[in-house]
Structure formats: structure tokens, C-alpha cells
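J.: With the input below, show me the fold.
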Amino acid sequence: MQKTILVFFGGVSNENEISVITGTMAINVLKGAGYNVIPLYISQNGDMYSHEKLSDITNFKGENYKTFPLAIMAKGGVYTLNKHGKPKKFFAADCALNCCHGGAGEGGAVCGLCSSAGLPLASAGIFESSAFMDKYLTKLVLSALGIKTVGYAYAKSAEDIYSCADMPDFPVIVKPVNLGSSIGVEKAENAEKLKSALQCALIYDNAAIIEKYIENRREINCAAYFYGGKVITSECEEPHADGDIFSFEDKYQGGAKSDCPANIPEQTADFIKNTTKSVYEKLNMRGIVRFDYILDKEEVYLSEINTVPGSLSYYLLSGGFKDFARVLKEVIEQAEQDFAAGKSKKLLHTGVLENISSNACKLGRK
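T.: Just a heads-up that it's a prediction; the model follows:
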């Protein structure tokens with residue numbers, strides 16, 4: 001029997017358009033592998049739309065997606081709505097896949113929706129999604145695990161640069177804490193440029209981290225997922241930026257190239273893979289996750305953890321879209337196994353409400 005997979009993409013995020021690329025890619029890979037697919041697009045204002053034709057990326061030019069039915073989540077699947085906003089047709093799903101980049105979609109909201117709707121999720125869970133969406137919380141979690149990160153300060157306003165005891169020496173990199181795709185990221189060589197970069201970052205977010213800029217650094221990525229009782233890691237990749245910062249244009253507008261496998265010593269590659277596996281295992285993570293590292297000569301720093309990586313890191317985990325269908329099949333199977341194991345656990349019913357009087361919770365009663 002064909003299984004039906006609900007694919008979330010879009011989201012209330014600056015990375016909405018990038019998510020459309022990832023989402024439509026995943027939908028078509030799943031279709032090619034023989035799955036039924038329910039596309040569920042979340043617009044930047046939070047409206048949900050669902051229709052099979054949303055697998056075609058051209059429907060997102062000129063907001064053509066608005067011609068398709070609005071939708072809502074329900075237990076076990078999705079309802080599409082009629083023109084009056086009433087539930088019209090129910091589409092049941094066996095499992096869900098999260099392709100939302102940034103915002104609440106990547107930061108745990110989709111996980112919560114699936115949990116509430118009783119759907120297995122073949123992506124990262126609530127904890128890792130919310131924690132690693134925030135670069136400051138990422139630093140705290142990794143510190144607790146004994147993982148080395150680049151020195152930083154945390155700022156909620158441009159004025160914090162005058163009071164932060166942990167301020168790194170110049171030059172520094174300013175990053176909004178909750179954004180991805182290099183949006184709002186700037187390099188600053190002095191206090192004046194730092195204040196300006198912070199003001200810019202805080203247009204997009206409520207806080208930023210200020211990291212020590214490492215000259216001649218190398219950026220290395222490694223993806224992982226869990227299946228069959230073990231963490232499977234990819235080869236290491238080294239993307240190359242045109243300038244001081246790996247920019248949005250480098251990532252998505254053809255400005256960057258990469259080496260995979262990265263041209264790094266074998267022991268460094270092994271260290272990165274083992275660190276990736278260790279963090280993934282210790283936090284009992286699930287789904288496809290990409291770990292981004294910074295090399296400073298012999299030093300290795302874990303920089304960020306992406307729980308919904310761009311294009312789901314298919315280029316790291318497979319030889320192409322056809323081969324990537326196998327990876328998606330495995331994370332879907334794992335999600336269904338985890339969900340079944342969770343459902344087997346006992347829910348306690350105490351009966352405490354049976355002994356409460358009818359007026360016990362009325363205001364003003366003692």
C-alpha cells in the first residue's frame with residue numbers, strides 16, 4: 001500500500017523562498033519514489049495552502065499559490081477549506097517531513113503541529129529544532145557537551161557593545177541569533193562598524209551574537225541522520241566564499257563552489273565526523289541535520305547546527321535525487337518506528353477529577 005507523506009515548506013521566515021526550493025525538491029523526489037504526497041505550503045503571513053499542484057515551483061511566481069485552497073492541520077492529516085473557510089476535504093497522512101527553513105517552522109512549531117496531530121515526523125524533534133534555531137542557545141548547549149565553539153558576546157541592543165565583558169577583539173562577525181542563510185550577517189573591523197552591524201542585525205531579529213572573526217578560516221560541513229540503530233554521517237564538504245563572509249548570494253545565486261570530500265587531513269575529517277555523531281547521539285536527535293564547522297589551522301570549532309538544512313543536504317548524503325529517495329525512505333521508516341514506540345508508552349489517568357466538587361474552581365470560593 002502506498003504511503004502518504006505530508007511535506008511542510010515555506011513558513012513565516014526570511015528564508016521562505018529558499019524553503020520553497022527545498023520543499024518542492026523533496027515533494028518530487030518522494031513522488032518519484034512512489035509515495036503519495038500532500039504539499040502543505042505556509043506563507044509568510046502564516047496561512048496554509050494545500051494542493052497537489054504546489055509541487056510545481058512555478059506556482060510561487062507572482063503569488064499564484066493563493067489560487068489554491070487554504071488548509072488546516074487536523075488529527076492524522078490535513079483539511080482543505082472551501083471558499084467560506086469551512087473544512088471541505090480531509091487528506092490523511094502516514095508521516096510528515098519538515099522542509100521549512102528558519103522562523104517558527106524550523107524552530108519547533110512544525111514539530112508541535114505534528115505531535116498535536118498525531119503524525120510521525122521524519123525530521124528533527126522539538127528540542128533540537130528550538131535550541132539550534134537560536135545561535136546563543138546553540139553555544140550554551142554545545143558548551144555543556146564540552147564542544148569547542150568560537151569566542152563570542154551576546155547582544156540585545158547596539159548599546160551592549162559598551163558593557164559586554166566577553167566582547168571579542170576586532171575583527172568580529174555579527175549574526176542575528178535566529179536567522180539563517182547568512183541574512184543580516186556582517187563583518188566589523190572597529191566599534192563604529194560593529195554598532196552599525198548590530199543595528200542592522202536587530203532590524204531582523206531581537207538579539208545577535210558577536211563572534212571573533214577568524215582570518216584564513218575554512219568552513220566545513222557534515223550532515224547526518226539516524227537509521228537502523230546508528231548515526232550515518234556524510235563526507236565532509238568545504239564550500240568556498242567569494243569574500244570574507246559566506247553570503248546569501250554565495251549560497252543561492254551560484255556564487256560559490258565547494259569541494260566534497262573536503263581537502264583536509266584524514267584525522268581532521270574523522271574528528272569532524274565523530275563530533276557530529278557524538279552530538280547527534282547524545283541529544284537523541286532524528287532527521288537530516290547538517291553540522292557546520294570552522295577550521296582555524298589545527299583548531300576545529302562547531303559553529304552551527306541546521307535541523308532543516310538547505311535542500312536537506314541531499315548533495316552530501318547521496319549521489320543525486322534518485323539516490324536521495326533512499327535516504328528519505330530511511331528517515332521516514334525511522335520516524336514511524338519511533339512514533340510506534342512512543343505510542344506504546346502508558347498514559348497515566350489518576351482519577352483526581354472524580355473527587356473534585358462542582359464549585360471547587362469557581363472564583364471567590366474558598
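
J.: what number of residues lie near residue 148?
T.: By the measure other Cβ atoms under 10 Å, the count of residues near residue 148 is 13. Using the backbone N, CA and C atoms, a C-beta is placed for each residue, glycine as well.

J.: in the stretch 201-350 of the chain, which spans are helices?
T.: Secondary structure of the stretch 201-350 of the chain, counting by DSSP state H, counting those that start in this stretch: helices at 248-252, 266-282, 314-317, 321-343.

J.: Relative to residue 172, which of the ones you listed is closest?
T.: Closest to residue 172 of these, according to Cβ to Cβ: helix 248-252, at 19.5 Å.

J.: still on that earlier bit, name the stretch among the helices of the stretch 201-350 of the chain that sits most buried.
T.: Looking across these with neighbours counted as mean count of other Cβ atoms under 10 Å, the highest average goes to helix 314-317: a mean of 22.

J.: Lowest mean pLDDT across the helices of the stretch 201-350 of the chain, which one is that?
T.: Least confidently modelled of these is helix 248-252, at a mean of 49 by mean pLDDT.

J.: what about the residue positioned nearest the centre of the chain, distance to residue 117?
T.: Closest to where the C-alpha atoms of the chain average out (Cα atoms, centre = their mean) is residue 308, at 3.0 Å. As judged by Cβ to Cβ, to the nearest Å, residue 308 and residue 117 stand 19 Å apart.

J.: ok, now residue 93?
T.: 9 Å.

J.: Settle it for me: which of those two has more neighbours?
T.: When residue 93 is set against residue 117 and neighbours are counted by other Cβ under 10 Å, the residue ahead is residue 93, at 24 against 17.

J.: quick one: contacts for that one?
T.: Going by Cβ atoms under 8 Å, 6 or more residues apart in numbering, residue 93 touches 4, 5, 6, 38, 76, 77, 78, 119.

J.: Just the closest of these to residue 193, please.
T.: Closest to residue 193, out of all of these and judged by Cβ to Cβ, is residue 6, at 45.2 Å.

J.: what residue ranges in the chain score low on pLDDT?
T.: Applying pLDDT under 70 to the chain flags the ranges 162, 180-181, 243-256, 363-366.

J.: ok, longest strand in it?
T.: In the chain, assigned by DSSP state E, the strand with the most residues is strand 218-227.

J.: okay, the angle between that one and helix 321-343?
T.: Strand 218-227 and helix 321-343 are oriented at 60 degrees to each other (axes from the mean of the first three to the mean of the last three Cα atoms, to 10 degrees).

J.: Now do strand 218-227: which elements does it pack against?
T.: Contacts defined by 3 or more Cβ pairs under 8 Å, 6 or more residues apart in numbering; DSSP states H and E place strand 218-227 against strand 230-233, strand 238-240, helix 266-282, strand 289-296, helix 314-317, helix 321-343.

J.: what about 6 Å?
T.: Strand 218-227 is packed against strand 230-233, helix 266-282, strand 289-296, helix 321-343, with contacts defined by 3 or more Cβ pairs under 6 Å, 6 or more residues apart in numbering; DSSP states H and E.

J.: Tell me which of the helices of the stretch 201-350 of the chain lies nearest to residue 108.
T.: Of all the helices of the stretch 201-350 of the chain, helix 321-343 comes closest under Cβ to Cβ, at 16.2 Å.

J.: tell me how far that closest one is from the chain's mean position?
T.: 17 Å (Cα atoms, centre = their mean, to the nearest Å).

J.: same check, this time on stretch 294-309
T.: 16 Å.

J.: same thing with stretch 203-210?
T.: On Cα atoms, centre = their mean, the centre of stretch 203-210 falls 18 Å from the chain's centre.

J.: again, but for stretch 19-35
T.: With Cα atoms, centre = their mean, you get 17 Å for stretch 19-35.

J.: again with stretch 274-283
T.: For stretch 274-283 - counting by Cα atoms, centre = their mean - the centre lies 17 Å from the chain centre.

J.: Which strand residues bridge the nearest residue to residue 35 once chain neighbours are set aside?
T.: Closest residue to residue 35 apart from its sequence neighbours, by Cβ to Cβ, 6 or more residues apart in numbering: residue 5 at 5.1 Å. Under DSSP bridges, the beta-bridge partners of residue 5 are residue 37, residue 95.

J.: among the contacts of residue 93, which two are most distant?
T.: Largest separation among these by Cβ to Cβ: 5 and 76, giving 13.4 Å.

J.: out of these two, which sits in the more crowded spot?
T.: For residue 5 and residue 76, the more surrounded residue by other Cβ under 10 Å is residue 5, and the numbers stand at 26 against 14.

J.: ok, the more buried one to residue 201 distance?
T.: Residue 5 is 36 Å from residue 201, where distance means Cβ to Cβ.

J.: now swap in residue 36 and tell me
T.: Counting by Cβ to Cβ, the gap between residue 36 and residue 201 amounts to 42 Å.
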